[in-house]
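K.L.:
I need the structure of the sequence given here:
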Amino acid sequence: MSTQQRSFVPLSIAIMVVSDSRTEETDTSGKTLIERLVGAGHSCAEKAIVPDDMYLIRAKLSEWIADPSINAIITTGGTGVTGRDGTPEAVQPLLDKVLNGFGEVFRTISYDGIGTSTIQSRAIAGVANGHYIFCVPGSSGACKTAWDKLISAQLDYRTRPCNLVEVMPRLLEK
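P.N.:
Numbering: from 1, shown residues only. Coordinates of the predicted model:
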């Protein structure tokens, strides 16, 4: 393994807040994610607040997945178990590949802070048309955990031994 230092590669990341009740004024989770990704050197391509409706979620995601200027998408909200929580069901059919380890590791990390309540999280991630998609719970605490302890390192080209950025050029290979 090379010890040569790599340069940071800034990504364009879109943020989707899935909620029937949050507005731009009351949203804390989306703002938390944007502060962190911008603070890390990435840019926020777009932010949208989308109602907890499978078809509206898919419509906005499909728009972003078709946009070559966007590298990654993070959704927050709709990953729980109540009747309106449907983000995983909306997203999974759009994925070309599922990153099963994301949800597993997120729940493992969350266990330290929230104990067995972590089983209520259906956090998922995957790849669609060369775009990484991460779906995390709607609390700002869960967004901090997901970004700080998992997503940020994988979206940083300098992370060794490997990261998601270094395989981006090969995501659309057949």
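K.L.:
what comes into contact with stretch 147-163?
P.N.:
1, 5-9, 11, 13, 32-33, 36-37, 40, 42, 72, 74, 102, 105-106, 109, 132, 134, 164-166 (C-beta atoms under 8 Å, 6 or more residues apart in numbering). No exception for glycine: its C-beta is placed from N, CA and C like everyone else's.
K.L.:
figure out the length between the terminal residues of stretch 149-159.
P.N.:
As for stretch 149-159, its first-to-last residue distance stands at 13 Å under the measure C-alpha to C-alpha, to the nearest Å.
K.L.:
residues of that stretch that come out buried?
P.N.:
150, 151, 152, 154, 155, 156, 157 (16 or more other C-beta atoms under 10 Å).
K.L.:
same check on stretch 164-174?
P.N.:
Buried, per 16+ other C-beta under 10 Å, within stretch 164-174: 164, 165, 168, 171.
K.L.:
buried stuff in the helix ranked longest in the chain?
P.N.:
The single longest helix within the chain, with elements called by DSSP state H, is helix 100-114. For helix 100-114, the neighbour count (16+ other C-beta under 10 Å) marks 102, 103, 105, 106, 107, 110, 114 as buried.
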